[in-house]
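K.L.:
Could you work out the structure for the sequence below:
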Amino acid sequence: MYRDLGRKMLQYCKGLPLAIIVLAGVLARKPSIREWERVYENVHEYISRGIGHEEEYGGVLQVLALSYDDLPYYLKPCFLYLGHYPEDSEFLVSKLTKLWMAEGLISSRQQRHGSGKTMEDIARDCLSELVERCLVQVGTSGSTGTIKGCRIHDLVRDMCLLKAKEESFLQINNSLQENISFVAAEATQLGKIRRLAIYLDEKADKLVSSRDETNGHVRSLLFFGLGEWRPISEKGLLSPLKDFKVLRVLKVEGLDKVEVELPSEIGNMVHLSYSTKGKLDLSTLGHLQTLYNLSSEYCDLKDVGRLTNLRKLRISLSSSLQNLEEILKSTGSTLNRIRSLIVNNNCKTNGGEEQAMQIVSSCRGIYKLMLFGPTAELLKELHNYPNLTKLQLISCGLKEDQMGMLEKLPNLTSLSLRLKVFKANTKILWINDASRWAEISY
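P.N.:
Modelled structure (predicted):
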């Protein structure tokens, strides 16, 4: 009976591998013959009415639409959110889960009573379910099979954007210079835009237009610099963001060579991923929970003390800081509330390692720690961090006698060593008991 129904449904797929795989992802969660019959009836109905009448795709978009409608309510917004990534791009799972949480797409109500799972664990479970349903493809995996990077098929993305438009979930703009009127016209059809992704190519002369009347309703703004995009003028490049009164999530990606200044008016953000050069005024961002790529060169670190809701921080040390100890004291208990910390030591002077140690020493409550650059001496202090469970060391310059320090970390379950983590001519790597670590990679 299952085989007969399966063969009938395969006919609708017209031999297209993607349609077959996605249909299998739907059926995998339907154990009874009655559920298979319902899927068959639904496939027939979807094919008959057509979705946009795209004959060149055969029935694949209809099967994809069926797979989307079969998603539970909590997975649909997570899936639609993937549409903002540029075509053929691979996205990092660690960043995606944080964006989902910042957007409010992951609810604590999804957590089973007594499971002990964090919100990030729940977010990863949601991604795993999308993978199992064959709507998301695994790109890069860790040494223990952990998913590090993902992508979606071009046709899956087409369907994702179609549904996102139908549900007024997401708007994508490819070139601001030519399409400002287009965005306004789309807004009329979609209602009030809540999420806006902007792809910057050679046709765009600015990041965002202050003339767009939909700006006041945007809660999530995501910039992607495509290729070697550079603006005509960097002055006031992000100043129109002051019109985004309810902005909560800002992601600026692929603009590393552009100097921009973030306006102080956007004070409601909870997530800021900021990968550009330029001044960043933190004093008004009191709601911020996640801050990526904080640079000691462009920001006043004293203002970090005002970010009382900050839980995840990535900081880059690019120059020597005067009176860092006093600055850290002025932050009060803010740094003790941080749970995930990444320190990138880019200093060309010997003071960089000491500064990294001072910063980490101010964050005693961290669960996850990632260290880039010379920070080997810091290992002596890590046994004083009772909550530390995940440690990643990259280009740290470990010496022969320092690996043993890692055994003294009482709750460490995951250790990753990457890219010249040891000094040259290091001969001894000795760990007496690594069996208690759930994950170790080198």
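
K.L.:
What residues of stretch 118-137 count as buried?
P.N.:
Within stretch 118-137, the residues scored as buried using 16 or more other C-beta atoms under 10 Å are 119-120, 122-124, 126-127, 129-130, 133-136. Bear in mind the C-beta positions are built from the backbone N, C-alpha and C, glycine included.

K.L.:
Out of those, list just those in strands.
P.N.:
In strands, defined here by DSSP state E, there are no members of the buried residues of stretch 118-137.

K.L.:
Which members of the residues you listed define the maximum pairwise distance?
P.N.:
Pairwise distances across the buried residues of stretch 118-137 peak at 25.4 Å for M119 and C134 (criterion: C-beta to C-beta).

K.L.:
Can you add pLDDT and distance to Y298 and give the buried residues of stretch 118-137 back as TSV?
P.N.:
Formatted as TSV, those follow (pLDDT from 0 to 100; distance: C-beta to C-beta, whole Å):
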residue	pLDDT	distance to Y298
M119	84	30
E120	84	28
I122	91	34
A123	93	30
R124	92	32
C126	94	34
L127	95	33
E129	92	39
L130	95	36
R133	88	42
C134	88	43
L135	92	39
V136	94	35
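
K.L.:
Out of these, which comes closest to M405?
P.N.:
Of the buried residues of stretch 118-137, the one sitting nearest to M405 (C-beta to C-beta) turns out to be E120, at 27.2 Å.

K.L.:
which residues does H287 contact?
P.N.:
R248, G267, N268, M269, V270, N309 (C-beta atoms under 8 Å, 6 or more residues apart in numbering).

K.L.:
can we see that at 7 Å?
P.N.:
Neighbouring residues of H287 by C-beta atoms under 7 Å, 6 or more residues apart in numbering: N268, M269, V270, N309.

K.L.:
which residues does the last one contact?
P.N.:
To tie it back to what came earlier, the one meant is N309. N309 is in contact with H287, L288, Q289, counting by C-beta under 7 Å, 6+ apart.

K.L.:
Now a ChimeraX select for only the buried ones of the contacts of H287.
P.N.:
The following ChimeraX line selects those of those that are buried, judged by 16+ other C-beta under 10 Å:
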select :268,269,270
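
K.L.:
I'd like the contacts of H287 laid out as CSV, including pLDDT.
P.N.:
Shown next, in CSV, are the contacts of H287 (pLDDT from 0 to 100):
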residue, pLDDT
N268, 73
M269, 80
V270, 80
N309, 88
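
K.L.:
Let me have the contacts of H287 in CSV, extended by secondary structure and distance to R364.
P.N.:
Shown next, in CSV, are the contacts of H287 (DSSP: H, G, I helix; E, B strand; the rest coil; distance: C-beta to C-beta, whole Å):
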residue, secondary structure, distance to R364
N268, coil, 29
M269, coil, 26
V270, coil, 23
N309, coil, 18
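
K.L.:
out of the contacts of H287, which one sits closest to R38?
P.N.:
Ranked by distance to R38 (C-beta to C-beta), those are led by V270 at 40.3 Å.

K.L.:
As a check, name the ranges of all helices in this structure.
P.N.:
2-13, 17-27, 33-49, 60-69, 76-81, 93-102, 119-132, 154-166, 176-190, 324-330, 351-361 (DSSP state H).

K.L.:
Of those, flag the one that's most buried.
P.N.:
helix 60-69 (a mean of 23; mean count of other C-beta atoms under 10 Å).

K.L.:
That one - what's its average pLDDT?
P.N.:
Helix 60-69 shows a mean pLDDT of 83.

K.L.:
Find the nearest non-adjacent residue to S94, please.
P.N.:
Nearest non-adjacent residue to S94, counting by C-beta to C-beta, 6 or more residues apart in numbering: K148, 7.7 Å away.

K.L.:
pLDDT score for that neighbour?
P.N.:
Per-residue pLDDT puts K148 at 91.

K.L.:
What's the local residue count around it?
P.N.:
14 (other C-beta atoms under 10 Å).
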